[in-house]
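Enquirer: pasting the sequence and the predicted model now:
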Amino acid sequence: MVTSQPVLWMQSVFSNRCKKPKILIAQGMHPAHESCNMTGDFWLENYKTNQSSNNAHFIAEKVKVINLMLINISRQTAIMATITVVVVAKNEEDKIESCLQHLFWCNEIIIIDNGSNDKTVEICRKYTNNIFSHNKPALIPFLQNIGIQKATKEWVIIIDADVIVTEKARDEIIHKINSGVHDGYYLKHVIFFLGKPLRSPYFGEHNIMKLFKRTKGYFKGEYPHEPITFNGTSIGNIKEKLLHYAHPTIASFLQKMNKYTSEDALKHHEEYGRRYDLFQTFIIPPLSVFHYFFLRKGYLDGMRGFIYSCLLAMYMFVERIKTWEVHMK
């Protein structure tokens, strides 16, 4: 017979407005907050009608459902200032769940799906109903701006599908948006390459404006790596870094490089009429290897740092010869 411990624990989570619910972190549970309006009656009744069920299966299924409910509760009560997170995704079934599991504290989750043909949308439905499809090819800033336009909360944070917001970063974000000091904040990332974080202080250290009041920023959607157009009065910094699992393999880097360099080349040609430049094509990329590996301290990561430096230089080279290719057509 099933023991009463799991049921009593479930009841303690949802009864008496959950003043200080006991959460089993080891089972992946998220912290609940004081405004829980549910009771344990549903779980007790469900237990009575399922006593013949397999113990492990019964408990596991209930933990999953409780987990999702606590996510919804936490979104509504975790912070004073309200915030929407916008995630653009395409075929991210291997990464999207880890990303969304660390965004439970946001009041609103908006997914802009760019034509996924895997289980990305199915996974996202466990966390939000705000899923919008845009199946035509489009630049990521353009898609992110769609998410901003659909957001309804005071603040917006833009998160890539391969990024995880750590607990420390979450707490700092909540504290600072509640302070009311700034209208926007720069975010920094730790870049993961071949399964490990890059230790060079320069990789991922650049400031990215992706946390701002909804009415203070937007993307024009004209460039692949377009910075946000910000019309606020002041900008602060989030010191705690986000984890960016950008390049698990060399193949994934090359795949992204092929996509982004094509977009970059087309825009460079349209906007600047950039033509074939011998110096920039054949001199700058090799010098960039030296720049990234030695001056930017890529050597701290040994062979991975050298490979990453070479790939960044290759990106520059491919971008320039693709610009030449566009010009020659």
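Expert: Great, that's in hand.

Enquirer: state the pLDDT value of Lys90.
Expert: Per-residue confidence (pLDDT) for Lys90: 96.

Enquirer: so how far is Lys297 from it?
Expert: To Lys297, Lys90 is 33 Å away according to C-beta to C-beta, to the nearest Å. Bear in mind the C-beta positions are built from the backbone N, C-alpha and C, glycine included.

Enquirer: do Thr215 as well
Expert: From Thr215 over to Lys297 the distance is 39 Å, taken as C-beta to C-beta.

Enquirer: of these two, give the one with the bigger neighbour count.
Expert: Neighbours per residue (other C-beta atoms under 10 Å) separate Thr215 from Lys297, with Lys297 holding more: 16 against 12.

Enquirer: isn't that one right next to Pro201, touching?
Expert: Yes. At 6.5 Å, Lys297 counts as touching Pro201 under the criterion of C-beta atoms under 8 Å.

Enquirer: the strands in the protein, which residues?
Expert: For the chain, applying DSSP state E gives strands covering 83-89, 108-113, 131-133, 155-158, 163-164, 184-187, 189-193, 196-197, 208-213, 217-218, 229-230, 235-237, 242-247.

Enquirer: nearest to Ile174, out of these?
Expert: strand 83-89 (8.4 Å; C-beta to C-beta).

Enquirer: counting by contacts, list what the closest one packs against.
Expert: Applying 3 or more C-beta pairs under 8 Å, 6 or more residues apart in numbering; DSSP states H and E, one finds that strand 83-89 contacts helix 96-101, strand 108-113, helix 140-150, strand 155-158.

Enquirer: please, where are all the helices along the stretch 201-329 of the chain?
Expert: Applying DSSP state H, counting those that start in this stretch to the stretch 201-329 of the chain gives helices spanning 250-272, 278-282, 284-290, 302-328.

Enquirer: so which of those is the most packed in?
Expert: Highest mean neighbour count of the helices of the stretch 201-329 of the chain: helix 302-328, a mean of 17 (counted as mean count of other C-beta atoms under 10 Å).

Enquirer: may I see the buried residues of stretch 169-184?
Expert: Within stretch 169-184, the residues scored as buried using 16 or more other C-beta atoms under 10 Å are Ala169, Arg170, Glu172, Ile173, Ile174, Lys176, Ile177, His182, Asp183, Gly184.

Enquirer: out of those residues, flag the one nearest to Gly302.
Expert: Ala169 (27.1 Å).

Enquirer: and for the residue nearest to the closest one when sequence neighbours are not counted, the neighbour number?
Expert: Spatial nearest neighbour of Ala169, excluding adjacent residues (C-beta to C-beta, 6 or more residues apart in numbering): Glu240 at 4.0 Å. Neighbours of Glu240 under the rule other C-beta under 10 Å: 16.

Enquirer: which residues touch Glu240?
Expert: Shown in contact with Glu240 (C-beta atoms under 8 Å, 6 or more residues apart in numbering): Thr166, Lys168, Ala169, Asp171, Glu172.

Enquirer: 10 Å instead?
Expert: Glu240 is in contact with Val165, Thr166, Glu167, Lys168, Ala169, Arg170, Asp171, Glu172, Ile173, Leu187, Lys188, counting by C-beta atoms under 10 Å, 6 or more residues apart in numbering.

Enquirer: hmm, the fifth one is touching Lys241, no?
Expert: By that I understand Ala169. Yes. Using C-beta atoms under 10 Å, Ala169 is in contact with Lys241, at 6.8 Å.

Enquirer: name the residues contacting each of those two.
Expert: Taking C-beta under 10 Å, 6+ apart as the contact rule, Ala169 and Lys241 both touch Leu187, Lys188, His189.
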